[in-house]
Each structure stands twice: as C-alpha cells, then as structure tokens.
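Enquirer: mind looking at a prediction? Sequence and model below.
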Amino acid sequence: MDLTSIDNGLTGKGLIFVISSVSGGGKTTVIRGVMEVLRDLRMSVSHTTREPRPGEMEGRDYHFVDKNRFKMMVDEGFFLEWAQVYGQFYGTSKSSVDSFAREGFDVLLDIDVQGGMQVKEREKNGILIFIVAPGEEEQERRLKVRGTENDHDLGLRLEAATRELAFINEYHYSVLNDDIKNAVETVSSIIRAERCRNRSKTAIQASGGNKRNET
Ligand code: 5GP
C-alpha cells in the first residue's frame, strides 16, 4: 500500500491529522473533545507493547502486543510509523489508516513527536498539530533560566519535555491548551480549515464552477 498515492482532492480521500504534545499536555482530553465536535473524523488505534491500564480495552484503546510480535510487525512493514516512547513501543498500522482514507474519512493520530516526524516525511497529506500546556511553557522557561534541576524525577520529566518541545517548530500548528474548550475549538477549526484548503478548489473545478451562478 502506498499512502503517498492517496488523493486528498475531490475524490474525498482522507487527510491525516497528527496530534502530539509533551507528556501531560492534556492532549487526550483535547482529542476527546475534538472527536465529539467532528463526528466524521476517525481515530487510528495504535499497537503497543505496554501493559493495558485499568479500564483500557483491547482494540478500543490499543492493540496490545508483546515485543517479539511488535518487532515482527516492524520487519513486515506493518507500520506507517513507529517509535519507542518511555521504554515501550508504539506504532500506527498502515492498514487502519489506509482503510479509513480509502473510505474518505480523515484520520486523527495521537502519536509522539518521533512518529509525527515520520508521518511528516512520508505523507504529503499529513497535518501536524502540537498541543502546548501553559505548564510546559513555564517548565521550559525554568529549564532555560536554571540550567539544571536537582530532583531526579522532575529532571527526567523536564528532559523529556524539553526534547519533545524541540520539535514544535516542525509542526504546522501549535495550540496552547490553557482552556480546554478553547483548545478543542481551535483544533476543530484547524481541521475544518485544512479540509477547505485541501478540497475546495478541486471540488469547484470538478463541478464545473459555481452552478448556482450559471442559472
Ligand atoms: P500512553 O502510554 O500514555 O498511552 O502513550 C504514551 C505516548 O505514546 C503518548 O505520547 C502517545 O501519543 C504516544 N503514542 C501512542 N500511540 C502511538 C503510536 O502509534 N505511535 C507513536 N509514535 N506514538 C504513540
């Protein structure tokens, strides 16, 4: 399957929206809100080697696989993108994204920055949105001012956040999540605007112009 051949014009083939953030950026809540606003959006269910958390369901939250199986899937070229995140492996299957796209649905990927970069490189239809929590901005500012953080755990988190934040300029959009309602509205607006940007011209051309003006 070659996702680069997907046409996002009038044919209605889907766009791929990547949403990333640093850990604790409130991404999951924003995504949940966006999925309620834009009912025709579809979410890809990733594969992961991490253990299910209480309440998580196989096939709904993730496809849970062991490391050997994941490695085999990597070797078979099963993934559109994959990455090691906080010691576990995560990947987006080509087939799930492709089947949504072929049905004409836009797909939303909740993936980390490493995965975001892979999608950006491989998919011309990828639109990357970074969710920034106000706390992260403050974290970054503190890191820059102080240089080092004494508390080991906090240091690790800050380090990861700094590493992840460094990718923000690679994203097409950054959305400050200082208010969940605003963040959901902003991300939904970006998705709507990108749909217009990618489809409107080809749609008008293919329909032979504005028919209402012809009569
Ligand atoms: P969690 O274990 O908390 O569900 O997810 C940890 C991180 O892995 C989150 O940043 C999430 O976005 C990311 N993640 C989830 N699925 C995928 C995936 O398929 N690919 C990549 N690259 N990251 C993923």
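Expert: Received, thanks. Numbers count the residues shown, from 1 in each chain.
Enquirer: close to the ligand: what parts of this protein are there?
Expert: Within the chain, the positions lying close to the ligand (C-beta under 6 Å from any ligand atom) are 46, 50, 81, 83, 85, 90-92, 110-112, 114-115. Placement of C-beta: from N, CA and C, glycine included.
Enquirer: try it again with 5 Å
Expert: Within the chain, the positions near the ligand by C-beta under 5 Å from any ligand atom are 46, 83, 85, 90-92, 110-112, 115.
Enquirer: tally of neighbours for the closest residue to the ligand within the chain?
Expert: The chain approaches the ligand most closely through residue 115 (2.5 Å), counting by C-beta to the nearest ligand atom. Neighbourhood size, residue 115 [other C-beta atoms under 10 Å]: 23.
Enquirer: mean confidence (pLDDT) on the strand or helix carrying residue 195, please.
Expert: Element membership of residue 195 [criterion: DSSP states H and E] is helix 180-206. Mean per-residue pLDDT for helix 180-206: 86.
Enquirer: name the helices or strands packed onto it?
Expert: strand 16-21, helix 27-37, strand 126-132, strand 173-176 (3 or more C-beta pairs under 8 Å, 6 or more residues apart in numbering; DSSP states H and E).
Enquirer: report the buried residues of stretch 34-52.
Expert: Within stretch 34-52, the residues that qualify as buried by neighbour count (16 or more other C-beta atoms under 10 Å) are 34, 38, 41-49.
Enquirer: for stretch 81-88, C-alpha coordinates in CSV please.
Expert: What follows is stretch 81-88, C-alpha atoms only, in CSV (Å, rounded to 0.1, in the frame of the first residue of the first chain):
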residue,chain,number,x,y,z
GLU,A,81,5.3,4.9,11.7
TRP,A,82,6.5,3.5,15.0
ALA,A,83,8.6,4.7,17.9
GLN,A,84,10.0,3.8,21.3
VAL,A,85,8.3,6.1,23.8
TYR,A,86,9.3,6.0,27.5
GLY,A,87,10.7,2.4,27.1
GLN,A,88,7.7,0.9,25.3
